[in-house]
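Undergrad: Build me a model from this:
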Amino acid sequence: MSVSSFLRMRLGGRSCVAEIVQKRALSGADAVNALRPFYFAVHPDFFGQHPREREVNENSLKRLNGYLENLQKPGMRSIKPTKLTFYVRDTKEKIAGESDLIPSGFRSVTFTLQSKDVLSTVMEVLKSCSLSVEHMQGLLKSRAESQNSPKQGGIPFYRPIKWDKTYYSVTGFRDPEQELEQAKKMETTLSLWLRNNEPEATKKQNASVPRRAELKRLKRELIEKLGLADIRWQRKWGVAHRCCQLQSLSRLALQSPEALLNLRGHTVIFTDQSGMNASGHVMLGTMDVHHQWTRLFQRLPSYCSLLQQTVWLKDRISFLLGGIQVIHMERVGPVLPLEEHYTTLNTFHKRLLPHRLALHPRSLQGLTMTLVNDRSTPRLHEMGHFIIPVMCDAVQLQNFLQSHAQEAHRRMQRKDQLEAEEENVMSSCVQDLSLRRWRSVYSLGLEGLMHSHTLANINTFVILSSILHGKGHKSWSKGEGNVCSVLAYYTA
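TA: Okay, here's the model as predicted:
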């Protein structure tokens, strides 16, 4: 069944939607997200006790990744059909008629890829392995309707009927406005919410103690064995998934210890793609197999050389722009690969070289700037750092930096004050709620570059503090304080 026919059946015959979706291919990141159930069912790390099946899945994953990469290459017209075999683990979904199910808990699946676009290939893989495609429907429907909506005129909108109050008294029906007012008056305070969730938090905390202890042990042993600076995670994966990732790295260290020698002194981050980020940390893609990690470790010396070149470019840009420092905020936005960071710096440096900017070597010392790949105008962030487009005009940039330097210093001083206030409010919240600790979660997307994470956290702390003090919050007893610490660890 083609993608068009499938969507026409699932979406009630909207052939125009299917046509639009068919024309638009998924990106590489979308394909990885769409294939998460498949990776979870066939990833070699789950076949540690079955070496033959593990090797088959690893080789098939290599060929599948290569097939998807070829589909995304520009100008690729014809791709040879690829026959793949996978051993699929028996997940929670029970598939009717699984005649190939092996007693060890997985089944053999063989299919041939012939699709000419990423979307069709993803759908074909999921269907061939009898995996659910329900998570694809939201993506397909939202993309299709977002593209189709401007062409549709006169879309009906919902306008509820507002009845007179006597209607509800006569019919006995509930008045939604009255219920809304009552709900607002009965809003749950944070302290009350913590009290109500005490049993659930205690249960989950007790159940997670052995897993968290195992995670700490694995992390500590790997750091000591490989000589790492640290091990981190980009996503908020569960403890079980993190342990699985550490065990996978540990197995690779046992199988090929010489391949991990280049890791010594580095910080390892488990994320969605393998490589090195702009901060010089080694990224291990959780969907990649061991041979891809090994190939990355072999290339680490060249990555380190590229990192040194980015440092040199930052110094040269700083010298040309009066001592201002080029920074990259790793805590906000998606992970920035080192190659992309180097390309951005190199392009900006080449645009500055032909112009002799009249800036004193130390006139902008103490200020910071970030580079963005767009054609917007230079702007000053509310926290005091400049946001400079790579393709901006050099003369315009000079005038902007000189005219906004004093305001940038003022905002940076304000940022320091806000950070100090953040620490004070955080300590106050920890004390008032009897928490063991408080951890802020920075999950800003693309808009995060335009909003300060510090300011957002401060607003949150101020709101919490006002809720606690403004509504007559009383300190909890020592017994309740333990519950608060449980919640703090669980939410972290």
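
Undergrad: okay, and for this protein, where does confidence drop off?
TA: Segments of the chain classed as low confidence (criterion: pLDDT under 70) are 1-28, 75-77, 91-105, 138-163, 167-168, 170, 179-180, 182-189, 331-334, 439-492.

Undergrad: buried ones in the one helix or strand Asp416 maps to?
TA: Here Asp416, judged by DSSP states H and E, is contained in helix 394-432. Within helix 394-432, the residues that qualify as buried are 394, 397-398, 400-402, 404-405, 408, 411-412, 415, 418, 422, 425-426, 428-430, 432, counting by 16 or more other Cβ atoms under 10 Å. (Each C-beta comes from the backbone N, C-alpha and C, glycine too.)

Undergrad: Ok, stretch 272-279 next?
TA: For stretch 272-279, a neighbour-count test (16+ other Cβ under 10 Å) marks 272-278 as buried.

Undergrad: in what helix or strand does Val88 lie?
TA: Val88 belongs to strand 82-89, assigned by DSSP H and E.

Undergrad: what residues are up against the residue nearest to the spatial centre of the chain?
TA: When the chain is reduced to its mean C-alpha position, the nearest residue by Cα atoms, centre = their mean turns out to be Arg235, at 5.5 Å. Arg235 sits next to 270-272 when contact means Cβ atoms under 8 Å, 6 or more residues apart in numbering.

Undergrad: Can I get those in a markdown table including secondary structure?
TA: Formatted as a markdown table, the contacts of Arg235 follow (DSSP: H, G, I helix; E, B strand; the rest coil):
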| residue | secondary structure |
| --- | --- |
| Phe270 | strand |
| Thr271 | strand |
| Asp272 | coil |
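
Undergrad: Specify which member of these is nearest to Gly366.
TA: Closest approach to Gly366 among the contacts of Arg235 (Cβ to Cβ): Thr271, at 32.5 Å.

Undergrad: My read is that that closest one contacts Val335, right?
TA: Yes: because the distance of 5.7 Å satisfies Cβ atoms under 8 Å, Thr271 is recorded as touching Val335.

Undergrad: ok, back up a step: buried residues of the strand holding Val88, list them for me.
TA: Of the residues in strand 82-89, those buried under the neighbour-count criterion (16+ other Cβ under 10 Å) are 82, 84, 86-89.

Undergrad: in its sheet, what does that strand sit against?
TA: Strand 82-89 has these partner strands in its sheet, going by DSSP bridges: strand 106-113 (antiparallel).

Undergrad: next SSE after the partner strand?
TA: Reading on from strand 106-113 to the C-terminus, the next helix or strand found by DSSP H and E is helix 118-128.

Undergrad: Contacts for the helix or strand containing Cys304, please.
TA: Following DSSP H and E, the helix or strand that holds Cys304 is helix 300-320. Contact partners of helix 300-320, identified using Cβ under 8 Å, 6+ apart, comprise 262-263, 266, 275-276, 278, 280, 282, 324-326, 338-339, 341-342, 345-346, 348-349, 352-353, 357, 359, 361.

Undergrad: and with 7 Å instead?
TA: If you take Cβ atoms under 7 Å, 6 or more residues apart in numbering as the criterion, helix 300-320 is touched by 262, 276, 280, 282, 324-326, 338, 341-342, 345-346, 348-349, 352, 357, 361.

Undergrad: Inside helices: which ones of these?
TA: Restricting the contacts of helix 300-320 to those inside helices, with DSSP state H as the criterion, leaves 338, 341-342, 345-346, 348-349, 352.

Undergrad: check contacts around Ser363.
TA: For Ser363, the contacting residues are 322-323, taking Cβ under 7 Å, 6+ apart as the criterion.

Undergrad: Give the closest residue to Leu296 in space, chain neighbours not counted.
TA: In space, Leu296 comes closest to Ser274 once its chain neighbours are excluded; the distance is 4.9 Å by Cβ to Cβ, 6 or more residues apart in numbering.

Undergrad: so what's that neighbour up against?
TA: Counting by Cβ under 7 Å, 6+ apart, Ser274 has contacts 283-285, 288, 292-293, 296.

Undergrad: which residues in the stretch 101-250 of the chain form helices?
TA: Assigned helices in the stretch 101-250 of the chain, in chain order: 118-128, 134-148, 165-171, 176-185, 190-196, 198-226, 239-255 (criterion: DSSP state H, counting those that start in this stretch).

Undergrad: Buried deepest among those helices, which one?
TA: Neighbour counts averaged per stretch over the helices of the stretch 101-250 of the chain are highest for helix 118-128, at a mean of 20; criterion: mean count of other Cβ atoms under 10 Å.

Undergrad: what about the residue nearest to Leu296, distance to Glu200?
TA: As for Ser274, its distance to Glu200 is 38 Å (criterion: Cβ to Cβ, to the nearest Å).

Undergrad: residues in contact with the one helix or strand Arg63 maps to?
TA: Following DSSP H and E, the helix or strand that holds Arg63 is helix 51-72. Surrounding helix 51-72, the residues in contact under the criterion Cβ under 7 Å, 6+ apart are 28, 31, 42, 44, 47-48, 76, 79, 82, 84-87, 106, 113, 117-118, 121, 289, 291.

Undergrad: Quick check: end-to-end length of stretch 366-386?
TA: When the termini of stretch 366-386 are compared using Cα to Cα, to the nearest Å, they are 12 Å apart.

Undergrad: List the buried residues in that stretch.
TA: When neighbours are counted by 16+ other Cβ under 10 Å, the buried residues of stretch 366-386 are found to be 367-372, 378, 380-381, 383-386.

Undergrad: What about those, which are in strands?
TA: Members of these lying in strands (criterion: DSSP state E): 368-372, 380, 386.

Undergrad: and which of the contacts of Ser274 is nearest Val239?
TA: Proximity of the contacts of Ser274 to Val239 was ranked by Cβ to Cβ; the top entry is Leu284 with 17.8 Å.

Undergrad: any idea what sits nearest the closest one, other than its immediate chain neighbours?
TA: The shortest distance from Leu284 to any residue that is not its chain neighbour, by Cβ to Cβ, 6+ apart, is 5.4 Å, and that residue is Phe270.

Undergrad: distance of that neighbour from Met123?
TA: As for Phe270, its distance to Met123 is 28 Å (criterion: Cβ to Cβ).

Undergrad: sorry, back to before: distance of the residue nearest to the centre of the chain relative to Asp272?
TA: Applying Cβ to Cβ, the value for Arg235 to Asp272 is 8 Å.

Undergrad: Would you check how far apart Leu401 and Met369 are?
TA: Noted for Leu401: a distance of 8 Å to Met369, by Cβ to Cβ.

Undergrad: if I look at those two, which residues touch both of them?
TA: When Cβ under 7 Å, 6+ apart defines a contact, the residues bordering Leu401 and Met369 alike are Phe386.

Undergrad: and Glu224, how far is that from Thr271?
TA: 23 Å.

Undergrad: One more: Arg232?
TA: Distance, Arg232 to Thr271, by Cβ to Cβ: 9 Å.

Undergrad: who's more crowded, those two?
TA: Taking neighbours as other Cβ atoms under 10 Å, Arg232 and Thr271 compare with Thr271 leading, 19 against 13.

Undergrad: contacting residues for the closest residue to that one other than its chain neighbours?
TA: Computed as Cβ to Cβ, 6+ apart, the closest residue to Thr271 that is not its neighbour in sequence is Gln234, at 3.9 Å. With contacts defined as Cβ under 7 Å, 6+ apart, the neighbours of Gln234 are 269-271, 335.
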